[in-house]
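Asks: Got a predicted structure here, sequence first:
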Amino acid sequence: MLSDRLLSELNEQIRHEFYSANYYLAMAGYCLNKGLDGFANFFIVQADEERFHAMKFYNYINDIGGRLFISGYDDPKNDFTSLEDVFESALHHEQFVTKRINTLAQLADEEKHYPTISLLKWFIDEQVEEEATMSTILSKIRLVGNSGPGLLMMDQELSARVFTPPATTE
Ligand code: FEO
């Protein structure tokens with residue numbers, strides 16, 4: 001039986017995942033404005049992933065008979081000083097989400113709610129990838145600088161990213 005507190009935190013996570021999608025669309029908007037369409041594509045696909053995460057929590061809550069509550073969220077940051085600032089913000093955001101997932105996992109563990117523990121195992125692994133992706137791109141931007149041919153090559157590479165729903169979906 002899911003406790004009210006765990007149910008509330010799972011519903012809250014839907015909000016955070018949709019917020020993440022909006023935040024990444026804001027970052028995509030900044031990149032589009034700078035003519036960096038490949039970086040923008042990276043964030044638009046990232047927003048698809050975040051909506052997928054939100055719906056994974058949504059479907060899970062419904063599957064176990066929990067009541068869904070959808071709530072709003074604040075405007076994301078839209079102003080960035082550079083591409084480096086964009087990816088620093090993205091990495092910090094993913095670190096925040098990782099903390100949220102870890103808190104959820106701790107709660108599920110305390111309550112010995114095994115289905116939720118199993119769901120969160122997927123998200124724990126996903127967060128390792130999410131942080132690594134942002135961190136790798138940030139390091140490359142620091143290497144090549146905020147402009148120049150190296151950055152255009154990265155832009156070209158990131159234009160190839162497409163959204164593929166993970167195979168481990170329920
Ligand atoms: Fe849903 Fe990027 O974590």
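Replies: Structure's in. What do you need? Residues are numbered from 1 along each chain as shown.
Asks: Where does pLDDT dip in the protein?
Replies: 167-170 (pLDDT under 70).
Asks: switch to 80 and redo it
Replies: Within the chain, the stretches with pLDDT under 80 are 1, 146-147, 166-170.
Asks: Is there proximity between stretch 14-26 and the ligand?
Replies: Yes: Stretch 14-26 reaches the ligand (C-beta under 6 Å from any ligand atom) through 17, 20. Heads up, the C-betas are built off the backbone N, CA and C, glycines and all.
Asks: where along this structure do the helices fall?
Replies: 4-33, 37-63, 83-110, 114-144, 149-158 (DSSP state H).
Asks: Near the residue in the chain that the ligand sits nearest to, how many other residues are there?
Replies: Going by C-beta to the nearest ligand atom, the ligand is nearest to residue 53 of the chain, at 3.8 Å. Neighbours of residue 53 under the rule other C-beta atoms under 10 Å: 25.
Asks: I figured residue 52 hits residue 165, correct?
Replies: Yes: contact status for residue 52 versus residue 165: in contact at 6.1 Å, counting by C-beta atoms under 8 Å.
Asks: Who has more neighbours out of the two?
Replies: residue 52 (17 against 11).
Asks: And that one, how far from residue 88?
Replies: 24 Å (C-beta to C-beta, to the nearest Å).
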